[in-house]
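**Student:** what follows is a predicted structure for the sequence shown.
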Amino acid sequence: MTQRILFNLLQVLVVMIFAPLASGVSSRLKEIIQSKRGPSIFQPYRDLWKLFHKDEIVSEDSSWVFRFTPYMVFVAPIFVTLLIPVLTNYPLFFAFMGDMLGGGFVLSLGGFFATLAAVDTANPYGPVGASRTRMVGFLAEPVFMIVFFTVSFVAGSTIPYIVQQKWVTPLANFFLPSHVLLVLAFLMLILAEGGRIPVDNPTGHFELAMIDESKSLEYSGRGFALMKWGGQMKFFVLLCIFLNVLVTPWGLAGNQTLGAISLLPPVTGPDLRLIAVLLAIPLVLFKILCFLLVLVAIESSLSKLRLFRISEFLGAAFITSVAAMIAQVFL
Amino acid sequence: MNQLVENLNALMGGLFLLAAFGMVAMRQARGCLNLFITQSVLLAASAALLGVRYHSEHLYGVAIVNLISKPLIVPWLLRKTSLEEIYTRREVDQVLNIPTALLIALGLTILAYFLGRPLSNAVGSEFRGPNVSIGIAGLLLGAFTLTVRREAVPLLLGVLAMENGAFFAGIAISRNLPMLVELAIATDGLIIVFIMGVLTRAVQKHIGTTAVGELAALKEEAAEPASEEVLAK
């Protein structure tokens, strides 16, 4: 029992510590492709450190929403981390609190508050970005719903730990059409939700073209650090759901075996479980690195879509997810 | 092993369906052609997988003939007969806007499910795969491509997509397709491409565009090729 609580907290720590690293690595990779030198992969940590030591300025005309939002944005991904498999393939202590659908709701609660805060200060760019985010959001929502429904339809559950097992036992399930199409649809969703290139440019600093970035324009100091860190964690959590539940459900720490090295005879005992969990950390990071390579390749080879083309992009994602469902019905 | 092959076949089916959707929505003529090539390769892959599953050499033959005729000869013929300018132009215009067209296409796919289920039940219980339903969906989506497109080359690709869909269903229904029939169908497709390619070129020469959708409007010189185009279909 205590061990499961401990592992759960370890999961949160891993997400908190490595989320800025993932963002640093991805921007570094992009810079390498563009033949620039670019800042080091640890730059996001330095940014956060610097921001936490700076003064915070809050507009006098803003309400409590503006002050409350950074905490909400920061805490929402942490809550989701408690529910999903980051390091282990067996449910941890807090996993009973919600399924994938619940996790999605908690994540979008953070986004909801960020939107409110952007409107709150009456900065002209904030509401523009907020309304655009909502536009992308409400187009992405049906895709999320269909993805979750198809997952529950195929695997018979929306609890990530059960879904994860479904794709690999037997291994033939991995090649189910619904699985592959779901992966495609979810990849498009990650691009849209993470504010990645065909939808939004994460490195763009031109206010009129911003979608995601403009919501934190008014923040400074600690609030800005929390918003930034929260955004990075949200992306990390999305990647964890995508990779650990859908794409590569291997390499996580098992309850009985050493997980990653599942060829070894089953072993039990609290110490070995701890070793397995610690071993899972580099493996998960490696998976994320591989995915970031793919992501950077996608981002570098596509151009940003015009705003009203985004509906077509997400329409394609919707069609893909529905095709996943239909292919399952056809079987 | 059998389970794996069946799942892989179903996966080809799912991607086949996605390619058919793509052909409804894709803006560029070249993108449409690439999707058609992908779809044909998926069709060949599905035939080969079914051949493995049911130990049928005929299906291997289907796969090979498909792999040679559609992804290789059709684009080559099109390149030869119609003008390069068609491929380089962007923004093929459509009757419906893309999201509406996709939603209607989705409805057609669901219709295909209800049409396909009794059919695949009639085929016999030893084969239970998605091929029949997906094939019918491919057929309907090809027909739908024909109705929403207004450019000659995507229209032609819509006809070929219909043929692909019919084939996709066909390889599941009959496992012992005589080679002769198979070859005949393959050449048939090529002749369609050839005739329509030449026709497209004629239309282009005559009125300077291949946007045949605009020919519906009454114009002295445009009325004639328009009726020809309709007759050819």
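**Tutor:** The structure has been received and is ready for your questions.

**Student:** residues near the residue in chain A positioned nearest to chain B, how many?
**Tutor:** Ranking the residues of chain A by distance to chain B (CB to the nearest CB) places A:Pro177 first, at 3.0 Å. Every C-beta, even on glycine, is put in place using the N, C-alpha and C of the backbone. Look at A:Pro177: counted by other CB atoms under 10 Å in any protein chain shown, it has 28 neighbours.

**Student:** wait, what's in contact with it?
**Tutor:** Neighbour list for A:Pro177: A:324, A:327-328, A:331, B:7, B:10-11, B:13-15, B:130 [criterion: CB atoms under 8 Å, 6 or more residues apart in numbering or on different chains].

**Student:** look up the closest residue to it, ignoring the ones flanking it.
**Tutor:** Spatial nearest neighbour of A:Pro177, excluding adjacent residues (CB to CB, 6 or more residues apart in numbering or on different chains): B:Gly14 at 3.0 Å.

**Student:** any idea how far B:Val198 lies from A:Asn89?
**Tutor:** As judged by CB to CB, to the nearest Å, B:Val198 and A:Asn89 stand 61 Å apart.

**Student:** of these two, which one has the most company?
**Tutor:** Between B:Val198 and A:Asn89, counting by other CB under 10 Å, A:Asn89 is the more crowded of the two (22 against 15).

**Student:** tell me if I'm right that the more buried one and A:Pro249 touch.
**Tutor:** Yes - in this structure A:Asn89 lies within contact range of A:Pro249 using CB atoms under 8 Å: 7.4 Å.

**Student:** who touches both of those two?
**Tutor:** Contacts common to A:Asn89 and A:Pro249, judged by CB under 8 Å, 6+ apart, are A:164-165.

**Student:** how about the helices of chain B, start to end?
**Tutor:** Remark: helices assigned in chain B by DSSP state H are B:2-25, B:29-54, B:57-68, B:74-81, B:85-88, B:98-123, B:131-148, B:152-173, B:179-207, B:223-232.

**Student:** kindly report the same for the stretch 51-200 of chain A.
**Tutor:** A:64-83, A:100-120, A:125-155, A:160-168, A:177-193 (DSSP state H, counting those that start in this stretch).

**Student:** does chain B sit close to the third one?
**Tutor:** By that I understand helix A:125-155. No - under the criterion of CB under 8 Å from any CB of the partner chain, chain B is not reached by helix A:125-155; the shortest gap measures 9.8 Å.

**Student:** now do that helix: which elements does it pack against?
**Tutor:** Contact analysis of helix A:125-155 by 3 or more CB pairs under 8 Å, 6 or more residues apart in numbering or on different chains; DSSP states H and E lists helix A:100-120, helix A:160-168, helix A:177-193, helix A:310-330 as its packing neighbours.

**Student:** okay, the angle between the third one and helix A:310-330?
**Tutor:** For helix A:177-193 against helix A:310-330, the angle between stretch directions is 160 degrees (axes from the mean of the first three to the mean of the last three CA atoms, to 10 degrees).

**Student:** also the first one?
**Tutor:** Relative orientation of helix A:100-120 versus helix A:310-330 (the same axes, to 10 degrees): 170 degrees.

**Student:** pLDDT on helix A:100-120, on average?
**Tutor:** The average of the pLDDT scores along helix A:100-120 is 88.

**Student:** flag every buried residue along it.
**Tutor:** Under the neighbour-count criterion of 16 or more other CB atoms under 10 Å in any protein chain shown, helix A:100-120 has A:100-101, A:103-104, A:106-108, A:110-120 buried.

**Student:** for the second one, same thing?
**Tutor:** If you call a residue buried by 16+ other CB under 10 Å, then helix A:160-168 has these buried ones: A:160-164, A:166-167.

**Student:** neighbours of the residue in chain B positioned nearest to chain A, how many?
**Tutor:** Across chain B, the shortest distance to chain A (CB to the nearest CB) belongs to B:Gly14, at 3.0 Å. Here the number of neighbours of B:Gly14 (other CB under 10 Å) works out to 27.

**Student:** ditto for A:Leu82
**Tutor:** A:Leu82 - counted by other CB under 10 Å - has 20 other residues nearby.

**Student:** check the nearest residue to it once chain neighbours are set aside and give its pLDDT.
**Tutor:** Ranked by CB to CB, 6+ apart and with sequence neighbours excluded, the top spatial neighbour of A:Leu82 is A:Phe94, at 4.0 Å. Listed pLDDT for A:Phe94 reads 82.

**Student:** got a list of what A:Phe94 touches?
**Tutor:** With the criterion set at CB under 8 Å, 6+ apart, A:Phe94 makes contact with A:8, A:82-83.
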